[in-house]
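A.B. asks: no sequence for this one, just the structure:
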């Protein structure tokens, strides 16, 4: 059974460039989450989707960050005009439903982003 | 707001000895608590969770956790540590729409 997959696994970019990070959740999981893991901030929540809808985008650190989900499946996190402080590991997770607090979130391997 | 605290940055234990990784929580309402493990250059792997019921929760790889409501704790335990258990461990509490993680505890198991 396939787990959550993310691509690319590593991304090196230059400051000011745009990047797209992809997440493919576990089949049948309607809820999808993005987190960021960095040395200074630990694990922080960015955004979640229920189906294709993202009801709350307040976790995104700035308006350079955006995310979308199509077909209730694959999600893309886009960072525009990248800055060095965006360097981190971006983790995606999925679960059966977001309403149930008991639902386990299963994580992908992450995308390690380095902004030079 | 929901939060968890992991008071130890690192725990050292010899192989074969019991291990404990500590976690305390602060929530309004019923707590939904999770433990995850992260190996180098890998994502988070789910170990176990407490939702309701028995205070002793059993999980993957021989790990278990004890929920203690009076002490607001959810410590991770294993009776006999393995060198392969060396990793970064995260406690988390389910908040609204997201997991709120602790800062992580690095477990080092020496041969």
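C.D. replies: Everything's here; your move. Computed from a prediction, not measured in an experiment: that's the story for all the values here.
A.B. asks: Please list the residues of chain B that sit near chain A.
C.D. replies: Near chain A, the residues belonging to chain B are B:32, B:34, B:36, B:41-46, B:49, B:51, B:90, B:94, B:97-101, B:103-104 when assessed by Cβ under 8 Å from any Cβ of the partner chain. Where you see a C-beta, it was placed from the backbone N, CA and C, and this is true even at glycine.
A.B. asks: So which of those residues sit within helices?
C.D. replies: Among those, no member falls in helices (criterion: DSSP state H).
A.B. asks: who in chain A is up against chain B?
C.D. replies: Residues of chain A found near chain B, taking Cβ under 8 Å from any Cβ as the criterion, are A:4, A:6, A:33, A:35, A:42-43, A:45, A:48, A:55-56, A:59, A:91, A:93, A:98, A:101-102, A:104-110, A:112.
A.B. asks: hmm, which of the residues you listed are the buried ones?
C.D. replies: When the residues of chain A next to chain B are checked for burial by 16 or more other Cβ atoms under 10 Å in any protein chain shown, the buried set is A:4, A:6, A:33, A:35, A:43, A:45, A:48, A:59, A:91, A:93, A:98, A:104-110, A:112.
A.B. asks: In strands, which of the residues you listed fall?
C.D. replies: Filtering those for membership in strands, criterion DSSP state E, returns A:6, A:33, A:35, A:43, A:45, A:48, A:91, A:93, A:106, A:107, A:112.
A.B. asks: Can you give the contact residues for stretch A:45-60?
C.D. replies: Contacts of stretch A:45-60 from elsewhere in the structure, counted by Cβ atoms under 8 Å, 6 or more residues apart in numbering or on different chains, are A:30-36, A:44, A:61, A:65-72, A:75, A:77, A:90, A:97-98, B:97-100.
A.B. asks: ok, now which ones touch residue B:76?
C.D. replies: B:20, B:21, B:22, B:23, B:35, B:47, B:63, B:64, B:65, B:89, B:91.
A.B. asks: what about the third one, how many residues close to it?
C.D. replies: When you say that, I think you mean residue B:22. Using other Cβ atoms under 10 Å in any protein chain shown, residue B:22 has 17 other residues around it.
A.B. asks: go on, the fifth one?
C.D. replies: Counted with other Cβ under 10 Å, the neighbours of residue B:35 add up to 27.
A.B. asks: who touches residue B:99 in this structure?
C.D. replies: The neighbourhood of residue B:99, defined by Cβ under 8 Å, 6+ apart, consists of A:33, A:35, A:45, A:93, A:105, B:34, B:92, B:93.
A.B. asks: would you list these in TSV and tack on pLDDT and distance to residue A:13?
C.D. replies: As requested, the contacts of residue B:99 are exported to TSV (pLDDT from 0 to 100; distance: Cβ to Cβ, whole Å):
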residue	pLDDT	distance to residue A:13
A:33	94	23
A:35	96	20
A:45	94	23
A:93	96	24
A:105	93	27
B:34	96	32
B:92	96	30
B:93	94	34
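A.B. asks: from the residues you listed, which is closest to residue B:79?
C.D. replies: Nearest to residue B:79 out of the contacts of residue B:99 is residue B:34 (Cβ to Cβ; 21.0 Å).
A.B. asks: what bridges to the closest one?
C.D. replies: When assigned by DSSP bridges, residue B:34 has beta-bridge partners residue B:49, residue B:92.
A.B. asks: before we move on, the earlier item: which of the contacts of stretch A:45-60 count as buried?
C.D. replies: The neighbour-count test (16+ other Cβ under 10 Å) marks A:30-36, A:44, A:65, A:67, A:69, A:72, A:75, A:77, A:90, A:98, B:97-100 as buried among the contacts of stretch A:45-60.
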